[in-house]
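> My questions are about this predicted structure, shown below with the sequence.
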Amino acid sequence: MSLSHFDPLANLRLFEDAFTRALSEPQTNRPWAPSVDIYETGEELVLKADVPDVDLKDIDVRVENQTLTISGQRKFQQQESGKGYHRIERSYGNFVRSFAVPNSFDTEKIAASYKNGVLSVSLPKKETAKPRQVKVEVQA
């Protein structure tokens with residue numbers, strides 16, 4: 001009669017190994033969305049989105065039916081040096097963010113720029129929406 005050693009944690013170790021592998025390998029289909037700041041000045045509405053490592057050619061900005069949509073893709077590029085990754089925490093793949101634009105902004109004159117991984121989108125206010133100062137005359 002032979003005795004075998006029972007390891008009560010064997011199944012847990014197999015699960016832990018599979019889970020660690022799943023998190024350490026790049027997931028190109030994992031959804032992600034860039035962080036966005038939106039602020040308004042006296043002249044315009046400005047939206048700034050953090051899109052580091054996204055090529056300009058992979059970014060699309062459009063306005064349809066008073067909805068501003070920013071979409072794009074961050075591609076995973078594995079290095080050919082033969083070195084393996086210890087950890088991959090950034091998300092890769094496609095992203096889409098949509099924002100309702102109030103009617104007081106002119107969507108025909110939208111402007112966008114890209115610098116240091118930050119996409120800036122500007123929508124000027126319509127003339128009727130800009131603040132006006134009216135001088136009040138005092139009558140004696």
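Sure, I can see it.
> C-alpha only now, for contacts and for neighbours.
OK.
> Could you pull up the residues touching the residue nearest the centre of the chain?
The centroid of the chain falls nearest to Pro34 when counting by CA atoms, centre = their mean (1.5 Å). Going by CA atoms under 8 Å, 6 or more residues apart in numbering, Pro34 touches Ala49, Asp50, Val51, Phe95, Arg97.
> Now the first one. Nearest residue, chain neighbours left out?
The shortest distance from Ala49 to any non-neighbouring residue, by CA to CA, 6 or more residues apart in numbering, is to Val36 (4.3 Å).
> shouldn't that neighbour be in contact with Val51?
No - applying CA atoms under 8 Å, one finds Val36 not in contact with Val51, separated by 9.4 Å.
> Could you check which of these two has the larger neighbour count?
For Val36 and Val51, the more surrounded residue by other CA atoms under 10 Å is Val51, and the numbers stand at 23 against 14.
> Give the closest residue to the more buried one in space, chain neighbours not counted.
Gly117 (5.2 Å).
> circling back to that earlier point, top of the contacts of Pro34 by number of neighbours, please.
The contacts of Pro34, ranked by neighbours (other CA under 10 Å): first place Val51, 23 neighbours.
> Next, find the distance separating that one from Ser98.
Distance of Val51 to Ser98, computed by CA to CA, to the nearest Å: 15 Å.
> just to revisit the earlier point, turn the contacts of Pro34 into JSON lines, columns for secondary structure, pLDDT and distance to Ala111.
Putting the contacts of Pro34 into JSON lines (DSSP: H, G, I helix; E, B strand; the rest coil; pLDDT from 0 to 100; distance: CA to CA, whole Å) gives the following:
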{"residue": "Ala49", "secondary structure": "strand", "pLDDT": "96", "distance to Ala111": "14"}
{"residue": "Asp50", "secondary structure": "strand", "pLDDT": "95", "distance to Ala111": "17"}
{"residue": "Val51", "secondary structure": "coil", "pLDDT": "94", "distance to Ala111": "17"}
{"residue": "Phe95", "secondary structure": "strand", "pLDDT": "92", "distance to Ala111": "20"}
{"residue": "Arg97", "secondary structure": "strand", "pLDDT": "94", "distance to Ala111": "17"}
